[in-house]
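Trainee: would you be able to build a 3D model of this:
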Amino acid sequence: MTRFLFVISLLLCATAASAQQQPGHDACARDVSRFCRAVMNNGDGAVLACLKQNRTRLSKACDKVLTEHGQ
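Mentor: Got it, this is the predicted structure:
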């Protein structure tokens, strides 16, 4: 029973963490498609670098997400 409760708590934490990441993804998805399509398959670091290079052209929502995450 204790093991079952432990697994359930882990699943709930994982679900909450993925739900928190989703709004940032949604906010920048269009900007990534517009400005960073060429590097989308090169990993998150390449996409982040691309977004930073295009900072002045990003949507306000994406810029806000990057700022909130210290980028």
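Trainee: which helices and strands does the helix or strand hosting V65 pack with?
Mentor: Following DSSP states H and E, one finds V65 within helix 60-68. Judged by 3 or more Cβ pairs under 8 Å, 6 or more residues apart in numbering; DSSP states H and E, the packing partners of helix 60-68 are helix 2-35, helix 44-53. C-beta here means a position set from N, CA and C on the backbone, and glycine is covered the same way.
Trainee: what is the burial count for K52?
Mentor: Taking other Cβ atoms under 10 Å as the neighbour definition, K52 ends up with a count of 11.
Trainee: with adjacent residues omitted, what lies nearest to it?
Mentor: Distances taken as Cβ to Cβ, 6 or more residues apart in numbering place Q71 nearest to K52, at 6.5 Å, with adjacent residues excluded.
Trainee: so that neighbour touches C50, yeah?
Mentor: No: assessed by Cβ atoms under 8 Å, Q71 is found out of contact with C50, at 11.9 Å.
Trainee: neighbour count: these two, which is higher?
Mentor: Using other Cβ under 10 Å, the more surrounded residue of Q71 and C50 is C50, with 18 against 12.
Trainee: now do the SS call for G70.
Mentor: Secondary structure assignment for G70 (DSSP: H, G, I helix; E, B strand; the rest coil): coil.
Trainee: for it, phi and psi?
Mentor: When read as degrees, to the nearest 10, the backbone of G70 gives phi 70, psi 30.
Trainee: any low-confidence regions in this protein?
Mentor: Within the chain, the stretches falling below the threshold (pLDDT under 70) are 1-24.
Trainee: make it 90
Mentor: The model of the chain has pLDDT under 90 over residues 1-26.
Trainee: tell me which residues of stretch 45-59 come out buried.
Mentor: Buried residues in stretch 45-59, counted by 16 or more other Cβ atoms under 10 Å: 47-48, 50-51, 58.
Trainee: which of these sits closest to C36?
Mentor: C50 (3.7 Å; Cβ to Cβ).
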